[in-house]
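Chemist: next input, structure requested:
(2 chains)
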Protein chains: 2
Amino acid sequence: MNIQQLFEQIKKKQSVLCVGLDTDLDKIPNHLLESEDPIFEFNKAIIEATHSYTVAYKPNTAFYEAYGIKGWQSLQKTIDYLNTHYPNIFTIADAKRGDIGNTSSRYAKAFFEDLGFDSVTTAPYMGKDSMEPFLAFDGKFTIMLALTSNPGAFDFQTQKIGKAELYKKVLETSTTWENSNRLMYVVGATKAEYLADIRKIVPDSFLLVPGVGAQGGSVEEVFKYGANSKAGLLINSSRGVIYASNSLDFAEAAASEAKKLQEQMAPYIAAL
Amino acid sequence: MNIQQLFEQIKKKQSVLCVGLDTDLDKIPNHLLESEDPIFEFNKAIIEATHSYTVAYKPNTAFYEAYGIKGWQSLQKTIDYLNTHYPNIFTIADAKRGDIGNTSSRYAKAFFEDLGFDSVTTAPYMGKDSMEPFLAFDGKFTIMLALTSNPGAFDFQTQKIGKAELYKKVLETSTTWENSNRLMYVVGATKAEYLADIRKIVPDSFLLVPGVGAQGGSVEEVFKYGANSKAGLLINSSRGVIYASNSLDFAEAAASEAKKLQEQMAPYIAAL
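Modeler: Residues are numbered from 1 along each chain as shown, chains lettered A, B, ... in the order given. Below is the predicted model:
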């Protein structure tokens, strides 16, 4: 997928919603637990209920690894389902990987080629040669942590290196890397006012914005400070959508929450 | 496993060698490719050949994820084999994970409980609440990236935050976290002269030191600057040991390389 195709989806659906598939056996409806693969059955139902309002899906790999081999099978089935039925929807493996060069290539291959995701999230601590192996994949995107939505973001990310904070140094440095046009960045919605500064450094890049809803960020603020002419945003909601209900009506409840978010987004997209 | 038990192994074997099981189907001997699980067969042979010289094994998860579900099966069999046959050997899942709190708990559970590793490597970019979920596991260790051995380490890790470099800030901050006594740190051997400063910040912690051999670090330098009274070191070699030969004699060749490294280490351990 390329940026133009992603933007087409955004305009068509009037949405920048990304639904986080953080699927947890302790939280999904009981009646699904009897099926052969409850995680996949849950994901499939959520996807079917929300795809009209959604331009991206983001399974967090931790939730799948936690169930070992069975979990990886569920992840594989989920991405296969998306690529078969909704190939125009952008897919994100939220894996936060990063390692020395030849090892990062392995992760990139696993997520981009073997599983077939459009993108993967990465952690920048090891620098250029840990990220460029991901960027080498044509038609794929690397979504690097910049400024996250958790309290620990203030431990290092907002500490000053010279005159600018670490997350700005990370953003600035990354623009010099080979194939940096394949980068997107994670920027937490709980720090929406930081988005204006971030836009000065990476005016054209897409930002993956978690933390709307459960973590307190607002759609309005994110658009106000973070949008560019192609929206440039993917706003993620995980728990707020997928666990809107844990009864028989869970899929309808998820659809309703996704629709609410899409309707909040629509006016800002119409105004681009 | 606790630190005292690890130190007992170190004294008994006169070794701080960690063997990195970065097992790659393109590099292992051809004759193994006909077996049902070539990765596990290779690992088992390497373990059998090197365990007398080795106090830790470290599979890098990227090499297993690259083979999808089959790769995870090989990883599971490898850790099961180690825990069954060599329970006194320290095991490291080199995964470089890190995420927001409840998600990090998932990774911790996957590696510590389900797979049964003694430790996992983590990346510190997201700060305290991304690391403490790992530290909550009693009898387990979290090995956090501090100063890595790759060129990209200079992009951010050695940049100054106030008066000290980022990696020192990471080390200092981490000592204030809950259960920080369960932390170890990754410090690359290619930067051995930095170890003296690091020891001032974390005098008692074990350091996992990659980059000896293939990446150019020396055992002598690492001990000179990095050892403490309980050795406080795990020196990793991956390719130099496991790919010493790719013929029928691969296990003997690995044993020979492991023995060489152990013999380089022995005098420094005897002198502790």
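Chemist: C-alpha only now, for contacts and for neighbours.
Modeler: Noted.
Chemist: how about the helices in chain A?
Modeler: Assigned by DSSP state H, the helices in chain A fall at A:3-13, A:38-50, A:61-65, A:68-85, A:101-108, A:128-135, A:166-174, A:195-201, A:219-226, A:239-242, A:250-270.
Chemist: so what does the last one touch, helix or strand wise?
Modeler: The contact analysis (3 or more Cα pairs under 8 Å, 6 or more residues apart in numbering or on different chains; DSSP states H and E) places helix A:250-270 against helix A:3-13, strand A:17-20, helix A:38-50, helix A:219-226, helix A:239-242.
Chemist: give me the mean pLDDT for it.
Modeler: Per-residue pLDDT values across helix A:250-270 average out to 97.
Chemist: check contacts around the spatially closest residue to A:M184 that is not a sequence neighbour.
Modeler: With sequence-adjacent residues excluded and distances taken as Cα to Cα, 6 or more residues apart in numbering or on different chains, A:M184 is closest to A:I143, at 4.4 Å. A:I143 makes contact with A:S119, A:V120, A:T121, A:T122, A:L183, A:M184, A:Y185, A:V186, A:L208 under the criterion Cα atoms under 8 Å, 6 or more residues apart in numbering or on different chains.
Chemist: where does chain A have low pLDDT?
Modeler: In the predicted model of chain A, residues A:214-216 satisfy pLDDT under 70.
Chemist: switch the cut-off to 80
Modeler: Along chain A, the parts satisfying pLDDT under 80 run over A:190-191, A:213-217.
Chemist: what sits against the residue of it most remote from its centre?
Modeler: In chain A, the residue that sits farthest from the middle, by Cα atoms, centre = their mean, is A:G162; the gap is 30.4 Å. Remark: with contacts taken as Cα under 8 Å, 6+ apart, A:G162 is in contact with B:K160, B:I161, B:G162.
Chemist: could you list the contact residues of the stretch 101-250 of chain A toward chain B?
Modeler: For the stretch 101-250 of chain A, the contact set with chain B under Cα under 8 Å from any Cα of the partner chain comprises A:103-104, A:106-107, A:109-110, A:114-115, A:123-130, A:148, A:150-157, A:159-162, A:166, A:169-170, A:173.
Chemist: rerun at 7 Å
Modeler: Applying the criterion Cα under 7 Å from any Cα of the partner chain, the portion of the stretch 101-250 of chain A that neighbours chain B consists of A:103, A:106-107, A:109-110, A:125-130, A:148, A:150-153, A:155-157, A:159-162.
Chemist: now do the same end-to-end measure for stretch A:180-191.
Modeler: 24 Å (Cα to Cα, to the nearest Å).
Chemist: A:S256: neighbour count?
Modeler: Neighbour count for A:S256, taken as other Cα atoms under 10 Å in any protein chain shown: 17.
Chemist: test my guess that A:A227 contacts A:I235.
Modeler: No - using Cα atoms under 7 Å, A:A227 is not in contact with A:I235, being 10.9 Å away.
Chemist: settle it for me: which of the two has more neighbours?
Modeler: Residue environment comparison for A:A227 versus A:I235 gives the larger neighbour count to A:I235, 29 against 23, counting by other Cα under 10 Å.
Chemist: and the more buried one, how far from A:D197?
Modeler: Going from A:I235 to A:D197 by Cα to Cα gives 18 Å.
Chemist: again with A:N179
Modeler: The gap separating A:N179 from A:D197 is 23 Å, by Cα to Cα.
Chemist: now do A:F154
Modeler: In this structure, A:F154 and A:D197 are separated by 17 Å, where distance is defined by Cα to Cα.
Chemist: so which of these two has more stuff around it?
Modeler: When A:F154 and A:D197 are compared on other Cα under 10 Å, the one with more neighbours turns out to be A:F154, at 16 against 13.
Chemist: that one - nearest residue in space that isn't next to it in sequence?
Modeler: Of all residues apart from its sequence neighbours, B:G127 sits closest to A:F154 (Cα to Cα, 6+ apart), at 7.4 Å.
Chemist: try A:V55
Modeler: Of all residues not flanking A:V55 in the chain, A:I89 sits nearest, at 5.2 Å (Cα to Cα, 6+ apart).
Chemist: what about the residue in the stretch 151-272 of chain A positioned nearest to chain B, neighbour count?
Modeler: Of the residues in the stretch 151-272 of chain A, the one nearest chain B is A:G152, at a distance of 4.1 Å by Cα to the nearest Cα. Residues within reach of A:G152, counting by other Cα under 10 Å, total 20.
Chemist: what's it in contact with, if anything?
Modeler: Taking Cα atoms under 7 Å, 6 or more residues apart in numbering or on different chains as the definition of contact, the neighbours of A:G152 are B:M126, B:G127, B:K128, B:D129, B:S130.
Chemist: any of those buried? List them.
Modeler: For the contacts of A:G152, a neighbour count by 16 or more other Cα atoms under 10 Å in any protein chain shown gives the buried set as B:M126, B:G127, B:K128, B:D129, B:S130.
Chemist: for these, which one is nearest chain A?
Modeler: Closest to chain A out of the buried ones among the contacts of A:G152 is B:G127 (4.1 Å), distances taken as Cα to the nearest Cα.
Chemist: need the contact list for that closest one.
Modeler: A:G152, A:A153, A:D155, A:F156.
Chemist: can you pull the contacts of the last one?
Modeler: With contacts defined as Cα under 7 Å, 6+ apart, A:F156 is in contact with A:L166, B:Y125, B:G127.
Chemist: tell me the spacing between A:L248 and B:D114.
Modeler: Using Cα to Cα, A:L248 is found at 30 Å from B:D114.
Chemist: now do A:Y125
Modeler: A:Y125 sits 27 Å away from B:D114, taking Cα to Cα as the criterion.
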